[in-house]
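> quick one, structure for this:
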Amino acid sequence: MSVTLYVPRDAVALGLGANRVARALFAGAERRGLDVTIVRTGSRGMLWLEPMVEVGTAEGRIAYGPVTLSDVDGLLDAGLVNGGEHALRLGDPEKIPYLARQHRLTFQRCGVVDPVSVADYRAHGGYKGLDAALKLDAAGIVAEVRESGLRGRGGAGFPAGIKWNTVMLAASDQKYVVCNADEGDSGTFADRMMMEGDPFNLIEGMTIAGIATGATRGYIYLRSEYPQAFATLKEAIANGVKAGYLGDNVMNSGKAFHLEVRLGAGAYICGEETSLLESLEGRRGIVRAKPPIPALKGFLGKPTLVNNVMTFTAVPYILEHGAKAYAEYGMGRSLGTLAIQLAGNIKHGGLIEYAFGITLREIIEDFGGGTQSGRPVRAVQVGGPLGAYFPDHLLDTPLDYEAMAAKKGLVGHGGIVVFDDTVDMAKQARFAFEFCAVESCGKCTPCRIGATRGVETMDKVIAGTDTQRNLAVISDLCDVMTDGSLCAMGGLTPMPVMSAITHFPEDFERGGQMSVAAE
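Alright, predicted model coming up:
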């Protein structure tokens, strides 16, 4: 009897030895005369358990993890292929509390399917969204997206339906769909996990977008730091073309959609859509002034729909189940689910897909299990390196665009980075300025010069030089950057700086002497 083992092939698992584990499992099974097939999947998102090996049994999949090379023989001897008992046995992965509590709409197939197999994707419900879309006209597809309440998951939170409708109505001989996969925020990895674990979900979402807007060509702009995602996407796209899901006649519908992957050169600013388009056209990634907006004049001067990976991958569920089903999740004007990425000083880091409205404290304590160090949480940064630092008394804030904005924070791409009570917030504020100075495209003065002056002034504060006067200079500088920068790079840099000063003033008034809680 043949037994199927599932071993992840995503970047995290590979970094933790998944390839060595897979080879050892196959060799060990062969020595024991066991008929084993190994399927390489993505990660389910419980990163502290990687590599997590699963075995298909009559009762369903049984998981074991984290599995190291030295564990393989013991697992096989304990009856791994039959779901046998072992210290690493986790049971049904769907029942692990971290996973069982989630609302897995977008990530439902990650860790389950072979990411480059069209047949496996289809067998697990894939392409039902495209099936439904092809039964509607363009306006009907856009209406579903609009009524679902889906907002751009890249950080801006702009209503996706409005953007889709603008491109649909634009008159042009050629239109484009561009996926912003330049996932550069610290502590974020949802895009990478999706592209490595379920790339056809992204391909399907972009295909639906192309049909809805009249675009026949699409591009995935991928950061160069994601080689596994690049290889997986290219293989999946090639297989999609062979199976008739991409090309001149998508699913025999008479509609064309061609898709390519393009690698960026590693610039954080290319996460901003107009810089991305400049780079995609072969030029240096520099922010464009708006208007005109990309929806009217984007790639090569043509109407272009630019959305983030998580925006496109929400679309197949919406088309399959309907706008109302998606909108039942969430709260207020923040509808659907959010891919939350939990990182930093945290015991159980990983990906959590949950409806908008869950609080930061619930995420950190109920999912994350508190800090890895065991020390108290002091600060939590939400929304990437340009997001605000929240102290303990703000951790009951729900993850919701409006609720976060009311506390002078942002949801961003859903990244959450946790710090314990040993963190020096003055140095974190300095880092925000330094990050902006390094990553600025240099086009506008407030960002280019402001960030550099910010580093210099923060150094004076940290050194205890004329502290109050220099803090006043930083406040004025932040006002100029917020109001005068051309894009969010310079415009949002003051958010982490001012939140650190506001919520942790003691770290800016001690002349560089770090205050660490008593052991």
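> which residue ranges form the helices in the stretch 151-300 of the chain?
Using DSSP state H, counting those that start in this stretch, the helices of the stretch 151-300 of the chain run over 160-169, 190-197, 199-213, 227-242, 273-280.
> what are the buried residues along the second one?
Meaning helix 190-197. For helix 190-197, a neighbour-count test (16 or more other Cβ atoms under 10 Å) marks Ala190, Asp191, Arg192, Met193, Met194, Met195, Glu196, Gly197 as buried. For the C-beta atoms, the positions are set from N, CA and C on the backbone; glycine is no exception.
> I'd like these as a markdown table, with distance to Ser499 appended.
Shown next, in a markdown table, are those (distance: Cβ to Cβ, whole Å):
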| residue | distance to Ser499 |
| --- | --- |
| Ala190 | 23 |
| Asp191 | 25 |
| Arg192 | 27 |
| Met193 | 28 |
| Met194 | 29 |
| Met195 | 31 |
| Glu196 | 33 |
| Gly197 | 33 |
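> between those residues, which is nearest Ser334?
Set against Ser334, the nearest of these by Cβ to Cβ is Ala190 (16.6 Å).
> thought that closest one was touching Thr311?
No: contact criterion Cβ atoms under 8 Å: Ala190 and Thr311 do not qualify, at 11.5 Å.
> picking up where we left off before, quick one: closest of the helices of the stretch 151-300 of the chain to Leu263.
For the helices of the stretch 151-300 of the chain, proximity to Leu263 was assessed by Cβ to Cβ; helix 227-242 is nearest, at 6.3 Å.
> tell me what the closest one is packed against?
Where contact means 3 or more Cβ pairs under 8 Å, 6 or more residues apart in numbering; DSSP states H and E, helix 227-242 is packed against helix 11-15, helix 118-123, helix 190-197, helix 199-213, strand 217-222, strand 258-263.
> list the buried residues of the fifth one.
Neighbour counts over strand 217-222 (16+ other Cβ under 10 Å) mark Arg217, Gly218, Tyr219, Ile220, Tyr221, Leu222 as buried.
> hang on, the earlier thing: can you tell which of the helices and strands packed on helix 227-242 is closest to Asn165?
Nearest to Asn165 among these is helix 199-213 (8.8 Å), distances taken as Cβ to Cβ.
> okay, the closest one in PDB with CA atoms only?
Presented in PDB, the C-alpha positions along helix 199-213 are these (Å, rounded to 0.1, in the frame of the first residue of the first chain):
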ATOM      1  CA  PRO A 199       0.300  30.300  -6.400                       C
ATOM      2  CA  PHE A 200      -2.800  29.300  -8.400                       C
ATOM      3  CA  ASN A 201      -4.900  31.300  -6.000                       C
ATOM      4  CA  LEU A 202      -3.000  34.400  -7.100                       C
ATOM      5  CA  ILE A 203      -3.100  33.400 -10.700                       C
ATOM      6  CA  GLU A 204      -6.900  32.800 -10.500                       C
ATOM      7  CA  GLY A 205      -7.500  36.100  -8.800                       C
ATOM      8  CA  MET A 206      -5.500  38.000 -11.400                       C
ATOM      9  CA  THR A 207      -7.200  36.200 -14.300                       C
ATOM     10  CA  ILE A 208     -10.600  37.200 -12.900                       C
ATOM     11  CA  ALA A 209      -9.300  40.800 -12.600                       C
ATOM     12  CA  GLY A 210      -8.100  40.700 -16.200                       C
ATOM     13  CA  ILE A 211     -11.500  39.400 -17.500                       C
ATOM     14  CA  ALA A 212     -13.300  42.000 -15.300                       C
ATOM     15  CA  THR A 213     -11.300  45.000 -16.500                       C
END
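> next, the angle helix 227-242 makes with it.
Angle of helix 199-213 versus helix 227-242, following axes from the mean of the first three to the mean of the last three Cα atoms, to 10 degrees, is 60 degrees.
> tell me the angle helix 199-213 makes with helix 160-169.
Here helix 199-213 points in a direction 50 degrees away from that of helix 160-169 (the same axes, to 10 degrees).
> can you give the distance of helix 199-213 from its chain's centre?
Counting by Cα atoms, centre = their mean, to the nearest Å, helix 199-213 is centred 18 Å from the centre of its parent chain.
> again, but for stretch 179-190
That offset, for stretch 179-190, works out to 5 Å (Cα atoms, centre = their mean).
> all strands of the stretch 51-200 of the chain, in order?
Counting by DSSP state E, counting those that start in this stretch, the stretch 51-200 of the chain has strands at residues 53-57, 60-64, 89-91, 176-181.
> columns distance to Gln108 on top of those, output as a markdown table?
Converted to a markdown table, the strands of the stretch 51-200 of the chain look like this (distance: least, Cβ to Cβ, whole Å):
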| stretch | distance to Gln108 |
| --- | --- |
| strand 53-57 | 16 |
| strand 60-64 | 14 |
| strand 89-91 | 19 |
| strand 176-181 | 20 |
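> looking at the ones you listed, which one is packed in the most?
Ranked by mean neighbour count, these are led by strand 176-181 with a mean of 27 (mean count of other Cβ atoms under 10 Å).
> now render the strands of the stretch 51-200 of the chain as CSV, adding mean pLDDT and distance to Phe435.
Shown next, in CSV, are the strands of the stretch 51-200 of the chain (pLDDT from 0 to 100; distance: least, Cβ to Cβ, whole Å):
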stretch, mean pLDDT, distance to Phe435
strand 53-57, 97, 38
strand 60-64, 97, 38
strand 89-91, 98, 38
strand 176-181, 97, 19
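> which one, of the helices and strands packed on helix 227-242, ends up nearest to Met458?
helix 190-197 (30.9 Å).
> the inter-axis angle of the closest one versus helix 199-213?
Using the same axes, to 10 degrees: helix 190-197 against helix 199-213 is 110 degrees.
> helices or strands next to helix 190-197 in the packing?
Partner elements for helix 190-197 (3+ Cβ pairs under 8 Å, 6+ apart): helix 199-213, helix 227-242, helix 309-321, strand 337-344.
> buried residues, whichever strand or helix holds Ala27. List them.
Here Ala27, judged by DSSP states H and E, is contained in helix 18-31. By 16+ other Cβ under 10 Å, the buried positions in helix 18-31 come out as Ala18, Val21, Ala22, Ala24, Leu25, Phe26, Gly28, Ala29.
> my guess is the first one contacts Pro51. True?
To tie it back to what came earlier, the one meant is Ala18. Yes: under the criterion of Cβ under 8 Å, Ala18 makes contact with Pro51 at 4.0 Å.
> quick check: pLDDT value at Ala518.
Here, the pLDDT recorded for Ala518 equals 33.
> right, and the helix or strand after the worst-scoring helix or strand of the chain on mean pLDDT?
Within the chain, no helix or strand scores below helix 488-492, which has a mean of 87 by mean pLDDT, DSSP states H and E. Going down the chain from helix 488-492, the next helix or strand is helix 494-503, by DSSP H and E.
> I appreciate the help and will end here.
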